[in-house]
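1. Any chance you could fold what I've pasted below:
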Amino acid sequence: MVTAIVLINAQREKINSIGEQISGFGGVTEVFSVSGRFDLVVLIRLKELNGLSQLMTEKISNIEGIIRTESMVTFKLISKHDIAAMFDLGS
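-> As a prediction, this is how the structure comes out:
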């Protein structure tokens, strides 16, 4: 399993539409709008590294309004916290 984190700078008026487009791509598990130097953080989980290459070069890089990306491929999961459960408010 390959996990990648992609940091995106986008044209301000296109942040939400870019995030929505990216969230529909296979392998994308979360898209966050964030404060700080970047506008969006994308978490990607795929079976193979080739899939990440295709996703980045054929899909994400072709989205209008993206100014810059910075990508990181993870090496090892250190923390095993269930993030979703931490924010679960119950049913």
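
2. how about residue 59, what does it touch?
-> Residues in contact with residue 59 (C-beta atoms under 8 Å, 6 or more residues apart in numbering) are residue 25. The way it works is simple: take the backbone N, C-alpha and C, and place the C-beta from them, glycine included.

3. Could you do residue 40 as well?
-> By C-beta under 8 Å, 6+ apart, the residues touching residue 40 are 7-8, 10, 15, 18-19, 22, 31-34.

4. what sits opposite residue 44 in the beta ladder?
-> Beta-bridge pairing for residue 44 (DSSP bridges): residue 4, residue 28.

5. For residue 79, see how far away it is.
-> As judged by C-beta to C-beta, to the nearest Å, residue 44 and residue 79 stand 18 Å apart.

6. Same question for residue 29.
-> 16 Å.

7. Looking at the two, which is more packed in?
-> Under the criterion of other C-beta atoms under 10 Å, the comparison of residue 29 against residue 79 puts residue 29 first, with 11 against 5.

8. does the nearest residue to residue 25 once chain neighbours are set aside count as helix, strand or coil?
-> Spatially, and ignoring its direct neighbours in sequence, residue 25 is nearest to residue 59 (5.5 Å; C-beta to C-beta, 6 or more residues apart in numbering). Using DSSP: H, G, I helix; E, B strand; the rest coil, the structure places residue 59 in helix.

9. Tabulate the CA atom coordinates of the top helix by length along the chain in CSV.
-> Longest helix in the chain by number of residues (criterion: DSSP state H): helix 15-23. Provided in CSV are the C-alpha atoms of helix 15-23 (Å, rounded to 0.1, in the frame of the first residue of the first chain):
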residue,chain,number,x,y,z
ILE,A,15,-10.2,26.0,-3.9
ASN,A,16,-13.6,24.4,-3.2
SER,A,17,-14.1,23.2,-6.8
ILE,A,18,-10.6,21.8,-7.0
GLY,A,19,-11.1,20.0,-3.7
GLU,A,20,-14.4,18.5,-5.0
GLN,A,21,-12.7,17.4,-8.3
ILE,A,22,-9.9,15.7,-6.5
SER,A,23,-12.1,14.0,-4.0
